[in-house]
Every structure is written in structure tokens, then in C-alpha cells.
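[1] Need coordinates for the following:
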Amino acid sequence: MLDTYSEKFADMKRKHMAFFQLKMVLGPCIETLILLDRLAYLLEQVRPSCCLCLPQCVAAGGIMFLGCSCVRAS
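    Below is the predicted model:
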């Protein structure tokens, strides 16, 4: 039964492998774009006069502290 399945879809194996290789190459690029978009959003939420170096303004990993006076009230 497995032999017939393998023979039936032998021509699709190359396309399948190409798809997964493309997915592995483009995956990190897309994740980086998403993280950069999140960073841009966080930087928009911080007042220009705020020092971006302060961990109270922008926390690692994209988490903003709610008690920070630098964050714009929404």
C-alpha cells in the first residue's frame, strides 16, 4: 500500500521539497519583519523627549511597563 502511494505521488516530491526549503528560507525574514513592525509601534508610543535607553520606557521583548510616565495615554 505504501509503495503504491509513493509511486503515485513521486512527481510531487520535488515540489514538496522546494516548498519546504522556501518556507525555511523565508520564515526568519517574515518573523523579522513582524518584530520590526512591533518595534516601530512601541517607538511610536514613547514620547520624543523620553530617553529610549530607560528600561521603564521600552522593555525587552516588546512589553511596555504600564506605570511608565513616558507612554502616551490612550
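
[2] How many neighbouring residues does Gln45 have?
    Using other Cβ atoms under 10 Å, Gln45 has 15 other residues around it. From N, CA and C alone the C-beta is placed, and that goes for glycine too.

[3] Helices along this structure, start to end?
    For the chain, the helices defined by DSSP state H occupy 2-8, 10-45.

[4] Just say which of those helices is most tucked in.
    helix 10-45 (a mean of 10; mean count of other Cβ atoms under 10 Å).

[5] Let me know the average pLDDT across it.
    In this model, helix 10-45 has a mean pLDDT of 91.

[6] could you say what helices and strands that helix packs with?
    If contacts are counted by 3 or more Cβ pairs under 8 Å, 6 or more residues apart in numbering; DSSP states H and E, helix 10-45 sits against no helix or strand.

[7] got a pLDDT number for Leu66?
    pLDDT at Leu66 comes out at 49.

[8] nope, Ser6 is what I was after
    Listed pLDDT for Ser6 reads 80.

[9] What is the burial count for Met1?
    Considering only other Cβ under 10 Å, Met1 is surrounded by 5 other residues.

[10] Just want to check the distance between it and Glu7.
    Going from Met1 to Glu7 by Cβ to Cβ, to the nearest Å gives 11 Å.

[11] With Met17 instead?
    17 Å.
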